[in-house]
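Undergrad: sequence and computational prediction follow.
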Amino acid sequence: MNEVTEIKIENLIYEIRGKQVMLDSDLAKLYQCANGTKTINQAVEIF
């Protein structure tokens with residue numbers, strides 16, 4: 001199943017309370033993370 005799909009980043013950006021955000025699951029797909037959201041969440045420092 002090697003489908004080539006074009007993801008439009010503009011469609012993955014949401015506005016919540018006046019801030020533009022992206023879901024971690026969408027970022028994991030964009031970066032093709034093997035472990036899904038786990039890798040993305042480990043890379044982000046919570047502040």
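TA: That came through, no problem.
Undergrad: how near is Y14 to D26?
TA: Distance, Y14 to D26, using Cβ to Cβ, to the nearest Å: 9 Å. Glycine gets a C-beta too; all of them are placed from N, C-alpha and C.
Undergrad: the two: who's more crowded?
TA: Higher neighbour count among Y14 and D26: D26, with 18 against 11, using other Cβ atoms under 10 Å.
Undergrad: would you mind listing the buried residues in the helix or strand where that one lies?
TA: Using DSSP states H and E, D26 sits in helix 24-30. Under the neighbour-count criterion of 16 or more other Cβ atoms under 10 Å, helix 24-30 has D24, D26, L27, A28, K29 buried.
Undergrad: now do the contacts for the residue nearest the centre of the chain.
TA: The residue lying closest to the centre of the chain (Cα atoms, centre = their mean) is L27, at 1.5 Å. Applying Cβ atoms under 8 Å, 6 or more residues apart in numbering, we find L27 in contact with T37, I40.
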